[in-house]
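1. Provided below are the primary sequence and the corresponding predicted coordinates.
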Amino acid sequence: MAKITYIEHNGTRHEVDVAPGMTVMEGARDNGIPGIDADCGGACACSTCHVYVDPDWIDRLPPRDPMEEDMLDFAYEPDPERSRLTCQLKVTDEFDGLVVQMPERQI
């Protein structure tokens with residue numbers, strides 16, 4: 001299990017265990033974490049699972065693929081360095097300690 005910390009826009013922290021093979025989005029959804037809507041269910045067809053990755057983790061995650069890059073154009077206030085779609089982050093043991101912060105809103 002990887003312990004992932006989700007931080008709501010208001011600063012509320014949620015630390016949950018997410019099994020390898022799941023996505024960071026599924027970890028939020030399955031644990032009732034507010035702030036990640038995941039309207040498309042993980043198909044990378046919307047941007048409602050957008051988060052800002054903690055700066056210490058930017059280089060530790062796999063790079064964005066072109067489809068994720070395109071969908072981030074529709075996200076609320078995307079950050080060129082820190083923005084990721086959680087449906088595209090498949091959890092491995094190396095994700096233990098990952099910290100993500102939700103934007104003010106999802107669009």
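-> Done, it's in.
2. Next one: the residue nearest the centre of the chain from P34, what distance?
-> What sits nearest the mean C-alpha location of the chain, by CA atoms, centre = their mean, is T86, with 3.0 Å. Using CB to CB, to the nearest Å, T86 is found at 13 Å from P34. C-beta here means a position set from N, CA and C on the backbone, and glycine is covered the same way.
3. for M1, same thing?
-> Separation of M1 from P34 (CB to CB) stands at 22 Å.
4. And E68, by the same measure?
-> Distance from E68 to P34, by CB to CB: 23 Å.
5. cool, D65 as well?
-> According to CB to CB, D65 and P34 sit 27 Å apart.
6. Of these two, which one has the most company?
-> Neighbours per residue (other CB atoms under 10 Å) separate D65 from P34, with P34 holding more: 13 against 10.
7. Check the secondary structure at the more buried one for me.
-> With DSSP: H, G, I helix; E, B strand; the rest coil as the basis, P34 sits in coil.
8. tell me the contacts of it?
-> Neighbour list for P34: E8 [criterion: CB atoms under 8 Å, 6 or more residues apart in numbering].
9. got it, and G97?
-> Counted by CB under 8 Å, 6+ apart, G97 has contacts A2, K3, I4, T5.
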